[in-house]
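> Okay, structure incoming, though there's no sequence with it:
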């Protein structure tokens with residue numbers, strides 16, 4: 001049976017992350033400097049034993065259009081892991097409009113299907129213009145993830161060395177609202193903040209409401 005414990009209740013198991021952040025990751029030069037720490041935290045908060053899957057650099061492919069044509073109709077379409085009908089990889093040429101967040105968190109429903117929950121983006125800089133610079137890309141990513149499921153809410157977070165901006169998307173696929181739930185202070189390590197932990201708890205608890213065939 002999946003654990004009912006929230007991620008924050010087990011935070012001491014990865015308390016070394018706080019020390020690593022304080023030692024130099026609060027103001028990294030490269031985004032890649034954050035990847036290992038965030039990947040570790042996401043794996044801790046969304047463990048495989050609870051049927052979660054964390055995908056780095058997940059490709060969110062555009063749903064195939066109804067008027068798509070191919071020389072071989074059997075090869076024209078395939079299904080992605082979210083159950084969306086997408087253009088088959090057998091179709092030649094570049095595939096348009098692929099969206100690639102840094103991480104996608106989902107719960108595995110069965111061997112062929114996952115229900116998406118959240119995206120997480122890492123950013124190396126944190127200043128007043130961060131949201132304006134990343135807003136269009138981030139909203140596109142959340143919108144694409146939302147198009148992969150009928151359920152709501154969809155969660156998103158932008159994590160820099162000093163701030164975690166946490167979001168939730170509600171509403172329909174065509175009419176939705178993206179609300180910033182919270183952000184940590186501009187001082188200290190965002191990945192150790194109470195706001196960030198509460199967001200992780202909320203995503204985790206929402207995921208546990210999704211049934212899997214193994215429960």
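Thanks, I have the structure now. Computed from a prediction, not measured in an experiment: that's the story for all the values here.
> buried ones in the longest helix along the chain?
Selection of the longest helix in the chain by residue count, based on DSSP state H, yields helix 130-146. Across helix 130-146, burial judged by 16 or more other C-beta atoms under 10 Å covers 134, 138, 141-146. Every C-beta, even on glycine, is put in place using the N, C-alpha and C of the backbone.
> Next secondary structure element downstream of that helix?
For helix 130-146, the following helix or strand on the C-terminal side (DSSP states H and E) is strand 154-159.
> So which other helices or strands are in contact with that next one?
Packing partners of strand 154-159 (3 or more C-beta pairs under 8 Å, 6 or more residues apart in numbering; DSSP states H and E): strand 113-122, helix 130-146, strand 164-171, helix 194-207.
> any chance of the ones you listed in CSV, with distance to residue 48 too?
Shown next, in CSV, are these (distance: least, C-beta to C-beta, whole Å):
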stretch, distance to residue 48
strand 113-122, 12
helix 130-146, 20
strand 164-171, 24
helix 194-207, 12
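> So which of these is nearest residue 9?
For those, the distance to residue 9 is smallest for helix 194-207, at 8.4 Å, taking C-beta to C-beta.
> Check which helices and strands the closest one sits against.
If you count contacts as 3+ C-beta pairs under 8 Å, 6+ apart, helix 194-207 packs onto helix 32-45, strand 103-110, strand 113-122, strand 154-159, strand 164-171, strand 176-183.
> deepest of the ones you listed, which one?
Here the criterion is mean neighbour count by mean count of other C-beta atoms under 10 Å, and of the helices and strands packed on helix 194-207 the winner is strand 154-159, at a mean of 25.
> Direction included, what does that one pair up with?
Strand 154-159 has these partner strands in its sheet, going by DSSP bridges: strand 113-122 (parallel), strand 164-171 (antiparallel).
> Scan the helices and strands of the protein for the one with the lowest mean pLDDT.
Every helix and strand in the chain was compared by mean pLDDT, DSSP states H and E; the lowest is strand 176-183, with a mean of 48.
> which one is residue 83 nearest to, not counting chain neighbours?
For residue 83, ignoring the flanking residues on the chain, the nearest one in space by C-beta to C-beta, 6 or more residues apart in numbering is residue 113 at 5.3 Å.
> Just confirm that neighbour contacts residue 82, I think it does.
Yes - shown here, residue 113 and residue 82 form a contact pair, counting by C-beta atoms under 8 Å, at 7.1 Å.
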